[in-house]
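**Q** please find the sequence and the predicted model below.
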Amino acid sequence: MSTEPPGRAGLRQGSGRWGDRIFEFLAVAAGATIIGAIALMGLFLLIRAMPSLQANKANFFLTDEFNTTDANNLRFGISELFQVTVLSSIFALVIAVPIAIGIAAFLTNYAPRRFAKPFAMLVDLLAAVPSIVFGLWGIFVLAPRLDPVARFLNDNLGWFFLFADGNVSLAGGGTIFTAGIVLAVMILPIITSVTREVFTLTPKGHVEAAQALGATKWEVIRMTVFPYGRSGMIAGSMLGLGRALGETVAVLIILRAAAQAGHWSLFDGGYTFASKIASAAAEFSAPLPTGAYIAAGFVLFALTFVVNALARLAAGGRVSGG
Amino acid sequence: MKLNGFGKAFGATVSAAAIVAVSATGCGSDKNAPQANQAGSSNVTCAGKKALKASGSTAQKNAMTRFVTAYQSACPGFTVNYTSSGSGAGVSEFTGGVTDFGGSDSPLSAEKGEYDKAKQRCGGNDAWNLPTVFGPIAVTYNLPGVDGLALDGPTLAKIFNGTIKNWNAPEIAALNQGKDIPDQQINVIFRSDESGTTDNFQKYLDAASQGAWGKGAGKSFSGGVGEGAQGNEGTSAAIKNTPGSITYNEWSYAKNQGLSMAQIITSAGPDPVPLTVENAKKSIDAVKVKGQGNDLVLDTTSFYLPSEAGTYPIILATYQIVCSKYPDADVAPALKAFLTVALGQGQQGLEDNGYIPVPDRFKEQLTNAVNAIS
């Protein structure tokens, strides 16, 4: 036969270009939407926050007051919110990441295939529990049981700032300690599932090469799975951290407000950015006090952004699966 | 304002649901729903606007639900749609002409120009504040084995501003002779959200403490000690699981959770006064009105510093803010009918919701004001 008929090839090329263009357009539009949405969100927050920031009579970054009852005398700052948010999220991360990596390693390398799937589903199911349930469980069920642990840490390690006397009672249990543990449970499924996905992608060749060198199972995991999955672990942790930073209802229910400022103790109470906004959401009627909360929201927005950027740097620009 | 804590987030939904439930009325959930032909309901003239619109304080939400049920069975086809959106919204929506009357736990303020705005809304006629719903505030505590703890204004103030830190302090012991009060740290719990309950309680401390309080009033707790919990649900739950703690609650929450309530020693006498319907009614009957004519603005210090023995001093009053004369002639007859029913059949079973039924002497004053609306 001779060469392919030109018409047919042209047709295929033509339709190919068509589909290509549509798809390119859709992809660009999707990409632009998310960038546009984030930019607009940031802009909106900033515009709404500006008048209140200008009317603020206290130092926005250094004061731990948050008094917006009198619109003519706004005094608010994010020092306490920042402290509680960062402390609870990092504490949650410190607990959740090792456990999540352990679960992921177990599911991909140790668990019999039959159990791996249902077990993974079980972990994912945790993500489907509404956060208000986590909150109520945390304060009513978990907190009383954590009381002896908290007391032990406070009595024996009280000299260390994390376990020093906090500004709310241990007996009540509404501390960052309780909230952090609940947050850890809440972010576990996200970190686990991202990490697990990356672990399963470890090239067979790497694993077999390690085994050929006589590595034990643990050495195989340490030498091939972990280095390969490093960026995935970081990405998963960052998603988890993002959720912990922004978690609202559970934290709102658990944490007791404190009358005095905290000092970076896990036994402090207080508000995170998100729970502070939620606690006052029902009273948003006047623009200036509302703007104060929006300003806090903007800081949370920026904080999440910075944390993610840092994580990407730490991952060496090779986030997920790379 | 917000007595209802995080429940308020879905307050709108809930009250909408309540109104729907209530429209299906007569039977069902409310076993105390009064009958139209009951004694005392004699002269209700149902007329005017079929559905009145109102909004405001969450403190009187449950009372309103009862009033509306009673109104609907007394006047079939008539109703009131009450949205519990907070006192601030209640006043601004009323002065803005969005609603027919407003609910608020503080009366219109002349300083903020609310009287003038309300006058404008009423077509040049005065607006009146009618206190129709009274809810006492209980001082609740968790001290196993100690019943009927007696406290007075100055001691309460010192506890809530951190001057007294331990339950076995001499001030408390002096008021509770013969009771075995443990050597335990006092754990103050306050409302972390802005609330009229906090405002009233702090006003009480300010008025009754002979200067020991010194922290002023306001919707946010300013005592500077202790830990906050969200809403009445939050504080009552916190009391339950924190030994050594003390807080202030709406009465209904204290009752439902079975919390120990302190007896209050008032300025009127040495005997501690427990929170009962009788004692609260007495103090409502004895309250002084500082408003002019039918504008029944209460002098709340007469609650806090009673001159009659056996009156419970910490009471929160919620006002209905109405026009003395409505520009829209349709509103007044319906509102009069509604308020008449509210003061009549609507009072039955109110104490189940933690409110105090309006006592007879004060009811007369209120009825006169209601009848004067046109």
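**A** Received it, and whenever you're ready, just let me know what you need.

**Q** now chain B against chain A: closest residue?
**A** residue B:228 (2.9 Å; CB to the nearest CB). Placement of C-beta: from N, CA and C, glycine included.

**Q** residues near residue B:45, how many?
**A** Counted with other CB atoms under 10 Å in any protein chain shown, residues neighbouring residue B:45 total 11.

**Q** now whatever residue of chain A ends up closest to chain B. Nearest residue, chain neighbours left out?
**A** In chain A, the residue that lies nearest chain B is residue A:257 (2.9 Å; CB to the nearest CB). Of all residues not flanking residue A:257 in the chain, residue B:228 sits nearest, at 2.9 Å (CB to CB, 6 or more residues apart in numbering or on different chains).

**Q** mind listing what that neighbour touches?
**A** A:256-259, A:269, B:189-192, B:221 (CB atoms under 8 Å, 6 or more residues apart in numbering or on different chains).

**Q** so for residue A:232, what's the pLDDT?
**A** Here the pLDDT value assigned to residue A:232 is 86.

**Q** which of the helices or strands spans it?
**A** Residue A:232 is part of helix A:226-246 when elements are defined by DSSP states H and E.

**Q** list the helices and strands that helix packs on?
**A** The contact analysis (3 or more CB pairs under 8 Å, 6 or more residues apart in numbering or on different chains; DSSP states H and E) places helix A:226-246 against helix A:79-105, helix A:176-200, helix A:273-280, helix A:287-314.

**Q** out of the contacts of residue B:228, which sit inside strands?
**A** A:257-258, B:189-191 (DSSP state E).

**Q** what bridges to the residue of chain B closest to chain A?
**A** Applying DSSP bridges to residue B:228 yields these beta-bridge partners: residue A:257, residue B:190.

**Q** from residue B:166, how far out is residue B:160?
**A** Residue B:160 sits 14 Å away from residue B:166, going by CB to CB, to the nearest Å.

**Q** of the two, who's got more company?
**A** Neighbour count, other CB under 10 Å: between residue B:160 and residue B:166, residue B:160 has more, with 29 against 13.

**Q** next up, the contacts around the more buried one.
**A** B:188, B:190, B:205, B:213, B:223, B:225-226, B:246.

**Q** how about those in a markdown table, adding secondary structure and neighbour count?
**A** Formatted as a markdown table, these follow (DSSP: H, G, I helix; E, B strand; the rest coil; neighbours: other CB atoms under 10 Å in any protein chain shown):
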| residue | secondary structure | neighbour count |
| --- | --- | --- |
| B:188 | strand | 24 |
| B:190 | strand | 27 |
| B:205 | helix | 28 |
| B:213 | coil | 25 |
| B:223 | coil | 21 |
| B:225 | coil | 20 |
| B:226 | coil | 28 |
| B:246 | strand | 25 |
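
**Q** and which of those is nearest to residue A:287?
**A** Of all those, residue A:287 sits closest to residue B:190, with 27.6 Å by CB to CB.

**Q** I'd say that closest one and residue B:198 touch.
**A** Yes: using CB atoms under 8 Å, residue B:190 is in contact with residue B:198, at 6.9 Å.
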